[in-house]
Each structure stands twice: as C-alpha cells, then as structure tokens.
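Colleague: My questions are about this predicted structure, shown below with the sequence.
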Amino acid sequence: MKLDAGLHGPLGAAGDRARVIEEFGYDGVISSEIDHDPFFPLLLAAETTERVDLMTGIAVAFARNPMLLANIGWDLHHHSRGRFVLGLGSQIKPHIEKRFSMPWSKPAARMEEMIEATKAIWACWNEGEKLDFRGEFYRHTLMTPMFDPGVNPHGAPPIWLAGVGPLMTKVAGRVADGFISHAFQTASYFRETSLPAIEAGLAESGRSRDDFTVVMPTFVVSGTTEEEFAARRRETQQRVAFYGSTPAYRPVLDHHGWGEVQTELNTLSKRGEWEAMGDLIDDDILDEFAIVGEPRDVPGIVRERFGGVVDRLQFFVGVDDADTWGPVIEELRAV
C-alpha cells in the first residue's frame, strides 16, 4: 500500500516540507483546497523532490472550468516530469454558490462532463484531435495554435475523483482514473456502498479494477502520551462532527443507524455551537471513522479495514516524529 502525506502551512515552506515527506519514505504529497490554493504548493514541491507523486486532494472542480484545469494540469505535469495527479471534488451547493459564486446543478452529471471535457482538451494538445466538445454544461470548440501548449512528453496526468454518494462514486469508476474516498467514510460504508459503485462504473467503461486507483484518507487518533492522545481525540471528534453536520453526508451515518446524530449536528452548526458538536461524537462513532490506538496498533487496524481494497492511504501523522512513526510507516507500506 502506498502512503501519502499532506502539505500544510505557509506557501514558502511547501518545498521544504515536501522534501521531508519524500525523505521519510512516503510515496506522495497532497495539497488540499481549504484555506489556500491547492496548486501553488505542488509547483514548489516539484522543484524540491524527485520521486513522490504530487496530488491535489482535492481541488474544487466547480470553482473552475475544464480549460483552466487542463492548462494547470498540463503545466504541473510537465514541470514535475510526469508526477502530477489532478484530484477533484465537487464541494457542496452552499459553498459553490455562496463562496465561489459559481453555478450548481446535477453535480454527478456535471462532474462527469467536466472530466470528459478536460480529457478532450488534453487529447487535442497531445494527440492532435480536433477540439469539439459539446455537452450540457461545458462547450469547448475553439483551439488555435497560439493557445495550444503542444505535446506534453509525459502525457496527460491522471484524474482522481472524490466522492461519498454512489452517483458520484460511479462517475469516478466510469470516467476518472482513480477514486478518493472522503475522510467521512467508514470501512463498512466503503465496502458495501462505495466499492460496488466503483465496480459498476468500471464495468460500464470496459475497464477492470487493475486500471484504477483507490485512495483512502484516514483520521488517526494516537500518540505517545496521554496528553497527545487526548488532543488528537478531541481534534478528530470536531472534524467528524463538522463533516457529519452536512446533509449530503447523512447516508454514511444512516448506514450505521446514527441518522439522528446528523440532525443534531446540523442544528448546532446553524447556531454556531462548534465546540458542542464534538461532544456528540461518542467512542462508538469515533471508532468507526478513525483509527484509534497506540502507534504500534495502527498497521493491524489498517490491514483489517482496508487490506486488499485500497491502493493508497492518506496518512498525515508521523512526518515530524520519525522515531515513533518510522517503523509504522514501513509496516503500513507492506499492507
């Protein structure tokens, strides 16, 4: 199993942190679109690393258009010498309409078309195909020599799509090159809901599981002291509660019979009672969404939950503590 770690902190530190992640033995670095742009850190990481994959995990697709994604993807893939992965996600309606001021409609269908359009643009540049993409949401029919960057010697970057619900997950299997599971997903929900949707999408596209990459983010509650463990536990409770308050993610809680918790979390979020939300995430819920245990227990839990079905694990702990987590990382890579 390959392991990926995240780039955090100020932009100026991204290159140095990427180098540390690579030296630690990770296989990839991830840049997420939270409070900063997800692409700039990877540009710096490309210059300080030689081996690791460079991934957005994720970039908000509907805040952009296919031509913009195609240009950014071409440049980062070329600059990194073929190591860039375009990880996309939809976000949710309120953020797309109220934060990004962009249109929202039929998210699964729109995402499928966005990926197809982006790939059509790359095919125009790399293979000389006429650009003639006409869809319900996107239309790309003009490409003159001045705006054509030419053939990328490293080909087109892979596109990995994030999802929670079966419709978006099936789109990943049908048109993307990989699936990024949302962190708000349990092993049971993944095996019983997400994996069948991926397989259905792959079957419709005439591909097999060998042609596809499955990526699993993880919440990890662990530590070498009681204080560290308690801090990670509270932090993870808050993260799980935040995601759980979103109506679009209720099916994951419903899967375990915890749908009423989503209602309570959503009510508290509308009141701005963020701290109180974490109190609703009890040990049973936390144990399903997070890997909870001492560092030496982590590989066994990962193997039990995801062995044989996940190709890459997003594992954000340990980069700053090689003595404790170095052996754990090595064992995880053997899962």
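Modeller: Nice, I can see it. Numbers count the residues shown, from 1 in each chain.
Colleague: in a strand, that's where residue 215 is, yeah?
Modeller: Yes. Checked against DSSP: H, G, I helix; E, B strand; the rest coil, residue 215 lies within a strand.
Colleague: Now for it, how many residues are close by?
Modeller: 23 (other Cβ atoms under 10 Å). Just so you know, the C-beta spots here come from the backbone N, C-alpha and C atoms, and that holds for glycine as well.
Colleague: Could you do residue 194 as well?
Modeller: 27.
Colleague: hang on, isn't it packed against residue 185?
Modeller: Yes. In terms of Cβ atoms under 8 Å, residue 194 counts as a neighbour of residue 185; the distance is 6.8 Å.
Colleague: shared neighbours of the two, anything?
Modeller: Common contacts of residue 194 and residue 185, defined by Cβ atoms under 8 Å, 6 or more residues apart in numbering, comprise residue 164.
Colleague: Would you enumerate the residues in contact with residue 247?
Modeller: So residue 247 contacts 262, 266 (Cβ under 8 Å, 6+ apart).
Colleague: no no, residue 53
Modeller: 4, 27, 28, 29, 83, 84, 85.
Colleague: List the single closest residue to it in space, sequence neighbours excluded.
Modeller: residue 28 (3.8 Å; Cβ to Cβ, 6 or more residues apart in numbering).
Colleague: Give the bridge partners for that neighbour, please.
Modeller: residue 4, residue 53 (DSSP bridges).
Colleague: Is it in contact with residue 49, as I believe?
Modeller: No. The criterion here is Cβ under 8 Å, and residue 28 misses it with residue 49 at 9.9 Å.
Colleague: any residues in contact with both of these two?
Modeller: By Cβ under 8 Å, 6+ apart, no residue touches both residue 28 and residue 49.
Colleague: so what's residue 170 up against?
Modeller: Taking Cβ under 8 Å, 6+ apart as the test, what residue 170 contacts is 108, 197, 198, 200, 201, 204.
Colleague: now swap in residue 307 and tell me
Modeller: Residues in contact with residue 307 (Cβ under 8 Å, 6+ apart) are 1, 335.
Colleague: Equivalent analysis for residue 216, please.
Modeller: Residue 216 neighbours (Cβ under 8 Å, 6+ apart): 181, 190, 306, 310, 312, 313, 314.
Colleague: Closest one of these to residue 77?
Modeller: residue 312 (18.3 Å; Cβ to Cβ).
Colleague: So the closest one sits against residue 4, correct?
Modeller: Yes. Contact status for residue 312 versus residue 4: in contact at 5.9 Å, counting by Cβ under 8 Å.
Colleague: I'd assumed residue 41 was in a strand, is it?
Modeller: No. Assigned with three-state DSSP, residue 41 falls outside any strand and is helix.
Colleague: Apart from its neighbours in sequence, what residue is nearest it?
Modeller: According to Cβ to Cβ, 6+ apart, the nearest residue to residue 41 is residue 14 (3.7 Å).
Colleague: thinking the one you found is in contact with residue 44, fair?
Modeller: Yes. Counting by Cβ under 8 Å, residue 14 touches residue 44, with 4.5 Å between them.
Colleague: Narrow the contacts of residue 216 to those in strands?
Modeller: Among the contacts of residue 216, the ones falling in strands (DSSP state E) are 181, 312, 313, 314.
Colleague: Which of the helices or strands spans residue 250?
Modeller: helix 250-255 (DSSP states H and E).
Colleague: where does residue 104 fall, helix, sheet strand or coil?
Modeller: coil.
Colleague: Would you mind confirming that it is in contact with residue 97?
Modeller: Yes. If you go by Cβ under 8 Å, residue 104 and residue 97 touch, sitting 5.3 Å apart.
Colleague: hang on, residue 133 packs against residue 120?
Modeller: Yes. With contact defined as Cβ under 8 Å, residue 133 reaches residue 120; the gap is 4.4 Å.
Colleague: before we move on, back to that, common neighbours of residue 312 and residue 4, please.
Modeller: 27, 28, 215.
Colleague: burial of the first one, as a residue count?
Modeller: One way to gauge burial is a neighbour count; for residue 27, by other Cβ under 10 Å, it gives 17.
Colleague: out of residue 104 and residue 97, which sits in the busier spot?
Modeller: Ranked by neighbour count (other Cβ under 10 Å), residue 104 and residue 97 place residue 104 first, with 17 against 14.
Colleague: how much space between that one and residue 137?
Modeller: Applying Cβ to Cβ, to the nearest Å, the value for residue 104 to residue 137 is 11 Å.
Colleague: can you check residue 11 too?
Modeller: From residue 11 to residue 137 the distance is 32 Å (Cβ to Cβ).
Colleague: Lowest-scoring secondary structure element of the chain by mean pLDDT?
Modeller: helix 322-333 (a mean of 89; mean pLDDT, DSSP states H and E).
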